[in-house]
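Q: Below are the sequence and a predicted model for it; my questions follow.
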Amino acid sequence: MYQAYYESELGLLEITANDKGITSVIFVDERQEEHKNEMIDQCINELDEYFKGKRKEFTVPLSAEGTVFQKNVWDALYTIPYGVSASYLDIAEKVGNTKAVRAIGGANSRNPISIIVPCHRVIGKSGKLVGYAGGLWRKEWLLKHEGILK
């Protein structure tokens, strides 16, 4: 397991990876010892470009662990383009189960790869900002950064 840290405008991000790809990008309060690999270096560079407004898509390989359902939801989240929001129902339609809106919300909240797998782009059907593991203030910042919110 590899890990490193990136100091973003929103706080400290811990990035972990295995030999296949990035396994998590989460907000943390403190650093631990770092053990980097090439994918972590690529991830840090891409996050830096994103926060500077120079990157709209991430290309670093991903390797999140979760259930089949969670991975399907995270794959659907990954397809939401920069600058576009989606509702939980939109994601449910993408995974082929419109009755699973609550389960979609659960999988969304367990997304281990914040920002890169853009769970922050999912908003309530009414357009209201709802839940974000990193805090609603971070979600609002990210949506403003991408031009979704004014």
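A: Arrived safely. Just so you know, these numbers come straight off a predicted model, no measurement behind them. Residues are numbered from 1 along each chain as shown.
Q: Please count neighbours and contacts with C-alpha atoms only from this point.
A: OK.
Q: Do a quick rundown of the strands in the protein.
A: 2-8, 11-17, 22-27, 86-87, 122-123 (DSSP state E).
Q: Which among those strands is found nearest to Asp41?
A: For those, proximity to Asp41 was assessed by Cα to Cα; strand 2-8 is nearest, at 8.6 Å.
Q: Buried residues of that closest one, list them for me.
A: The neighbour-count check on strand 2-8 (16 or more other Cα atoms under 10 Å) flags Tyr2, Gln3, Ala4, Tyr5, Tyr6 as buried.
Q: can you check stretch 81-96 too?
A: For stretch 81-96, the buried set under the neighbour-count rule, 16+ other Cα under 10 Å, comprises Tyr82, Ser85, Ala86, Ser87, Tyr88, Leu89, Asp90, Ile91, Ala92, Lys94, Val95.
Q: Any idea how many residues pack against Thr23?
A: By the criterion of other Cα atoms under 10 Å, Thr23 has 22 neighbours.
Q: unless I'm mixing things up, it is touching Thr16, no?
A: Yes - the pair Thr23 / Thr16 is scored as a contact, 5.4 Å apart, by Cα atoms under 8 Å.
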